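Q: Show me how the following folds:
(2 chains)
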Amino acid sequence: QKEVEQNSGPLSVPEGAIASLNCTYSDRGSQSFFWYRQYSGKSPELIMFIYSNGDKEDGRFTAQLNKASQYVSLLIRDSQPSDSATYLCAGSSGGYNKLIFGAGTRLAVHP
Amino acid sequence: NAGVTQTPKFRILKIGQSMTLQCTQDMNHNYMYWYRQDPGMGLKLIYYSVGAGITDKGEVPNGYNVSRSTTEDFPLRLELAAPSQTSVYFCASSHGQSYNEQFFGPGTRLTVL
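A: Residues are numbered from 1 along each chain as shown, chains lettered A, B, ... in the order given. Alright, predicted model coming up:
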């Protein structure tokens, strides 16, 4: 059974702090990983994707991938209350851009 | 560009009824997907399609059927609805190249009583 695991949270951080979200995956064949943000009652929207070992930065967001440890993370710098949402980690699975999703980590940024 | 659209937004079904969830995309994407999301859970893939006339099962296909007669449309059919099918259903599409993101529709919230 291919799985992507996340801590469900909630992860509570003060405004302006760094939020660190983590994800592990079981399928060593997964090539690419996606972080989606989902506000309550809304559909997922892509934040970042990563497919090479190391870090990838985009504005306040940094994705990190360690294929040897089967570990993916998302760092959010200068967290804002508007970042409060559930963050879904997903790994590619079996071609055709199919994804296996984790259950998500709920992030709460408090003023 | 409307992106991915889904209808209806909400629906209540009685046990044993049938319905079709509609999904349309206007991005000329080859790949389309149906997911369900139960409370506090991630998305589970029900069915996917890689082009008109080509569909395949995902992780949780039982109780559902799909068809894809055009590039734009990918309807999901529920036959003999059961309470276990109460969920939020998302349709998504992807261009078909490697590492391409999936774009999601707004979802359909279905309750089976």
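
Q: and chain B, which of its residues are near chain A?
A: Within chain B, the positions adjacent to chain A are B:31, B:33, B:35, B:40-45, B:48, B:50, B:58, B:90, B:94, B:96, B:98-107 by C-beta under 8 Å from any C-beta of the partner chain. The C-beta positions use only the backbone N, C-alpha and C, and glycine is treated the same way.

Q: Just give the nearest non-adjacent residue to the closest residue to chain A within chain B, would you?
A: Among the residues of chain B, residue B:42 lies closest to chain A, at 3.6 Å counting by C-beta to the nearest C-beta. For residue B:42, ignoring the flanking residues on the chain, the nearest one in space by C-beta to C-beta, 6 or more residues apart in numbering or on different chains is residue A:101 at 3.6 Å.

Q: any idea how far residue B:22 is from the one you found?
A: Look at residue A:101 and residue B:22: by C-beta to C-beta, to the nearest Å, they are 23 Å apart.

Q: okay, which residue is most central for chain B?
A: Closest residue to the average C-alpha location of chain B: residue B:34 at 3.0 Å, with C-alpha atoms, centre = their mean.

Q: ok, what's across the strand from that one?
A: In this structure, residue B:34 has beta-bridge partners residue B:47, residue B:91, where bridges are defined by DSSP bridges.

Q: Who are the contact partners of it?
A: With contact set as C-beta atoms under 8 Å, 6 or more residues apart in numbering or on different chains, residue B:34 has these partners: B:21, B:23, B:45-48, B:58, B:64, B:66, B:74, B:76, B:89-92.

Q: hang on, the earlier thing: comparing residue A:101 and residue B:22, which residue is more hemmed in?
A: residue A:101 (22 against 16; other C-beta atoms under 10 Å in any protein chain shown).

Q: and the more buried one, what does it touch?
A: With C-beta under 8 Å, 6+ apart as the criterion, the residues that contact residue A:101 are A:4, A:36, A:88, A:89, A:90, B:35, B:42, B:43, B:44.

Q: at 6 Å instead, please
A: Contact criterion C-beta atoms under 6 Å, 6 or more residues apart in numbering or on different chains gives A:88, A:90, B:42, B:43 as the residues in contact with residue A:101.
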